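Student: Could you work out the structure for the sequence below:
(one chain, ligands or ions: 1)
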Amino acid sequence: MSQNGYTLNPLTAAKAGEPTDFQFTVTGPGGRPVTDYKVEHDKKLHFIVVSRDLNTFQHVHPEMAADGLWSVKVTFPAAGTYRAFADFTPAGGQALTLGADIQVAGDFQPKPLPAVSRTAEVDGYTVTLDGDLIPGRSSKLTLKVGKDGKPVTDLQPYLGAYGHLVALRAGDLAYLHVHPDGEPGDGRTKPGPEITFYAEAPSGGDYRLFLDFQHGGAVHTADFTVKAGEGSQQPPKPEEKNDHDSTPHGH
Ligand SMILES: [Cu+2]
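Tutor: Here you go, the predicted model:
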């Protein structure tokens, strides 16, 4: 919840199944709400809400009032425990991701982690995942978007990228550092069908990946469960065989 003296403070009691005007502040080292943020990926603050069982995911962009009070409409689909993450950079400071638990009252039906899969279907799109999370180092993940059996080659920039990937460790919901390889307009990054990221998995175990991408004027979210560590790795493809010990950025 707190890092470098910054704290995420949820201020709203959330209800299940109805839109909630969810409010929060981020307080700084002096205890006052932070009002000055650096814009990253087109926004001052990115707000991620997942259910504790990692079955549901929302990535939204709250509005800030002049006094530093943030508000955003969120619907918590069912009762249970949720984790909110605020991803932001205070002006003059380092990028931070702060988490807070949110309890939504009512009958709670925990769901198991979705099965490990390299293919996700969403809104008529098929997204496939290539690459593995390797504990303790940066791993290359490539997500390929298709529709009606054809690769999608006209992805639309969304928040300054062709895709945004959030990766969370099952169990403690550790938020992984992920960064995209390239961005629209850099002269080398194509608008699909592949979107490439580098992710750092701190340990072995199960992770959930959530990819936001924009196509046809709408944002779609594809989700995956992946296992990092022993036994999870795909056999290397021939062209990657000699590549395995090189650093991810060394290509
Ligand atoms: Cu965002």
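Student: what about residue 55, distance to residue 143?
Tutor: Residue 55 sits at a distance of 20 Å from residue 143 (criterion: C-beta to C-beta, to the nearest Å). No exception for glycine: its C-beta is placed from N, CA and C like everyone else's.
Student: where does the stretch 101-250 of the chain dip in pLDDT?
Tutor: Applying pLDDT under 70 to the stretch 101-250 of the chain picks out residues 230-250.
Student: Look at residue 55 and residue 143 and report which has more neighbours.
Tutor: Legend: neighbour count by other C-beta atoms under 10 Å for residue 55 and residue 143, higher for residue 143 (25 against 17).
Student: Now do the contacts for the residue nearest to that one when sequence neighbours are not counted.
Tutor: Leaving aside its sequence neighbours, residue 143 sits nearest to residue 195 (C-beta to C-beta, 6 or more residues apart in numbering; 4.9 Å). By C-beta atoms under 8 Å, 6 or more residues apart in numbering, the residues touching residue 195 are 142-145, 155, 162-163, 165, 180, 211, 213.
Student: out of the residues you listed, which one sits closest to residue 106?
Tutor: residue 211 (29.7 Å; C-beta to C-beta).
Student: right, and that closest one touches residue 143 too?
Tutor: Yes - with contact defined as C-beta atoms under 8 Å, residue 211 reaches residue 143; the gap is 5.4 Å.
Student: who touches both of these two?
Tutor: Common neighbours of residue 211 and residue 143 (C-beta under 8 Å, 6+ apart) are 127, 163, 165, 195, 222.
Student: which of those residues lies closest to residue 8?
Tutor: Looking across the shared contacts of residue 211 and residue 143 and measuring by C-beta to C-beta, the closest to residue 8 is residue 165, at 21.4 Å.
Student: what's whichever strand or helix holds that closest one in contact with?
Tutor: In this assignment (DSSP states H and E), residue 165 forms part of strand 164-169. Strand 164-169 has contacts (C-beta under 8 Å, 6+ apart) with 41, 48, 50, 54, 57, 59, 133, 141, 143, 158, 174-176, 178, 180, 195, 197, 199, 201-203, 205-213.
Student: Narrow those residues to those that are buried.
Tutor: 48, 50, 54, 57, 59, 133, 141, 143, 158, 174-176, 178, 180, 195, 197, 199, 201, 205-213 (16 or more other C-beta atoms under 10 Å).
Student: Name whatever forms a beta bridge with the spatially most central residue of the chain.
Tutor: Nearest to the mean C-alpha position of the chain, by C-alpha atoms, centre = their mean, lies residue 166 at 1.7 Å. Residue 166 has these beta-bridge partners by DSSP bridges: residue 210.
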